[in-house]
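Novice: Fold the following.
(one chain, ligands or ions: 2)
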Amino acid sequence: MLIRIRKGWEIPERETTPEAIYRNRRKFIQGIAAGTIGAAASTLPFGRAFAQAALPNADLYPAKRNDAYTVDRPITPKEKATHYNNFYEFGSHKFIADAAQALKTSPWKVKIDGMVEKPIEIDFDELVRKMPLEERVYRFRCVEAWAMTVPWTGFPMKALVDFAKPTSGAKYVEMQTAEQEDTMPGLKQFWYPWPYIEGLTMAEATNELTLIATGLYGEPIPKQNGAPLRLVTPWKYGFKNIKSIVRFTFTDKRPVSYWEQIADNEYGFWANVNPKVPHPRWSQAQERLLSNGEEVPTQLFNGYADYVADMYKGMEGEKLYM
Ligand SMILES: Nc1nc2c(c(=O)[nH]1)N[C@H]1C(S)=C(S)[C@@H](COP(=O)(O)O)O[C@H]1N2
Ligand SMILES: [Mo]
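Specialist: Residues are numbered from 1 along each chain as shown. Ligands and ions are numbered 1, 2, ... in the order given. So this is what the prediction gives:
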């Protein structure tokens, strides 16, 4: 008899990574951390998970999944989503996962400043415990036309905005990635405009879809995916999703993002996904799934129009889709 074993990407989303597996695995990992499972941790296939589990906030994962945000696509296998990354601080190619392990994420200070009632600097481990963590499965679409579907753990950025108490004049939030000269070889490429900067309008930052992700696949987020906290705006091209954030600045001036500084004819402020508006160098009509290489049609606002289209009414003069 021939038993057909389904490939990872063929398993419907609801069947993947059930909480029980997460939980057992977490217990196992905690066991290693507590020294009860022996000294072989470094030889285990998930030595990196071990390193993540030792973080002071590891007990927060997995967070409960919010089923309001599941999607009709299979989840991308973890191996793919964590080993095909864009993170120029560690190299201008997709295979930076190993190099990114050098990133120092603890302690991690987060600055909140600009047009706020009271600027503060707060330790990430303290901040994350003040925030309502949940898991959401979102589609993700890079401007280079590859796509994945992953379970983020995080909190609505609105909770961070409420915590920051911006003053009434604030119109945008500018975000900045860490600059660690000693761990980030990319910073030596002086022709790039470091630090990596991104920005959102206040309406976008407080939209219900906008997450600050601190976890991925039910564990603290891997360094290569932007530990310890990164932005997730699933209706925008991937480059808006700034990683390893150290600063949120509330401002009345529209931030000029990293990619916009490099090439403003190719990468704009809005960067909303639209299959009908091609990039100057390629079509955006289709996307290639990281899971299996399949080409599928791209959707307006990456399938999230119901949540976000209203924010852009009356803004037709803006370059909303690049
Ligand atoms: N700091 C920083 N953030 C970044 C990038 C980067 O190079 N540096 N690349 C962006 C781009 S182009 C994409 S597609 C996503 C990739 O996220 P992933 O590696 O978790 O899939 O990160 C975004 N955030
Ligand atoms: Mo990207």
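
Novice: Ligand 2 contacts on the stretch 151-300 of the chain?
Specialist: With Cβ under 5 Å from the ion as the criterion, the stretch 151-300 of the chain comes near ligand 2 at residues 238-239. The C-beta positions use only the backbone N, C-alpha and C, and glycine is treated the same way.

Novice: how does it look with 8 Å?
Specialist: 237-239 (Cβ under 8 Å from the ion).

Novice: Of these, which is the nearest to ligand 2?
Specialist: residue 238 (3.6 Å; Cβ to the ion).

Novice: What's the separation between that closest one and residue 114?
Specialist: 25 Å (Cβ to Cβ, to the nearest Å).

Novice: Over to residue 232?
Specialist: 22 Å.

Novice: again with residue 125
Specialist: Residue 125 sits at a distance of 23 Å from residue 114 (criterion: Cβ to Cβ).

Novice: For the stretch 51-200 of the chain, which segments count as strands?
Specialist: Along the stretch 51-200 of the chain, counting by DSSP state E, counting those that start in this stretch, strands occupy 109-114, 120-123, 134-141, 146-156, 172-177, 197-201.

Novice: Turn those into TSV, columns for mean pLDDT, mean neighbour count and distance to residue 165.
Specialist: Compiled in TSV, the strands of the stretch 51-200 of the chain are given as follows (pLDDT from 0 to 100; neighbours: other Cβ atoms under 10 Å; distance: least, Cβ to Cβ, whole Å):
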stretch	mean pLDDT	mean neighbour count	distance to residue 165
strand 109-114	98	18	9
strand 120-123	98	14	10
strand 134-141	98	22	23
strand 146-156	98	23	16
strand 172-177	99	23	13
strand 197-201	98	22	17
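
Novice: Quick check: residues of the stretch 1-150 of the chain near ligand 1?
Specialist: Residues of the stretch 1-150 of the chain lying near ligand 1 by Cβ under 6 Å from any ligand atom: 85-89, 142.

Novice: Can you report how many residues lie near residue 58?
Specialist: By other Cβ atoms under 10 Å, the residues close to residue 58 number 17.

Novice: Oh, that last question was meant for residue 65, not what I typed.
Specialist: 19.

Novice: In contact with the residue lying closest to it once chain neighbours are set aside, which residues?
Specialist: Closest residue to residue 65 apart from its sequence neighbours, by Cβ to Cβ, 6 or more residues apart in numbering: residue 135 at 4.1 Å. Residue 135 makes contacts with 62-66, 151-153, 215, 218, as judged by Cβ atoms under 8 Å, 6 or more residues apart in numbering.

Novice: Repeat that for residue 71.
Specialist: Here residue 71 is in contact with 13, 137-139, 149, 303 (Cβ under 8 Å, 6+ apart).

Novice: check contacts around the nearest residue to residue 133 once chain neighbours are set aside.
Specialist: The spatially closest residue to residue 133, leaving aside those adjacent along the chain, is residue 63, at 4.1 Å (Cβ to Cβ, 6+ apart). Residue 63 is in contact with 133-135, 153, 215, 218, counting by Cβ under 8 Å, 6+ apart.

Novice: what separates residue 63 from residue 131, distance-wise?
Specialist: For residue 63, the distance to residue 131 - Cβ to Cβ - is 10 Å.

Novice: Without its sequence neighbours, what residue ends up closest to residue 122?
Specialist: Nearest residue to residue 122, sequence neighbours excluded (Cβ to Cβ, 6+ apart): residue 110, at 5.5 Å.
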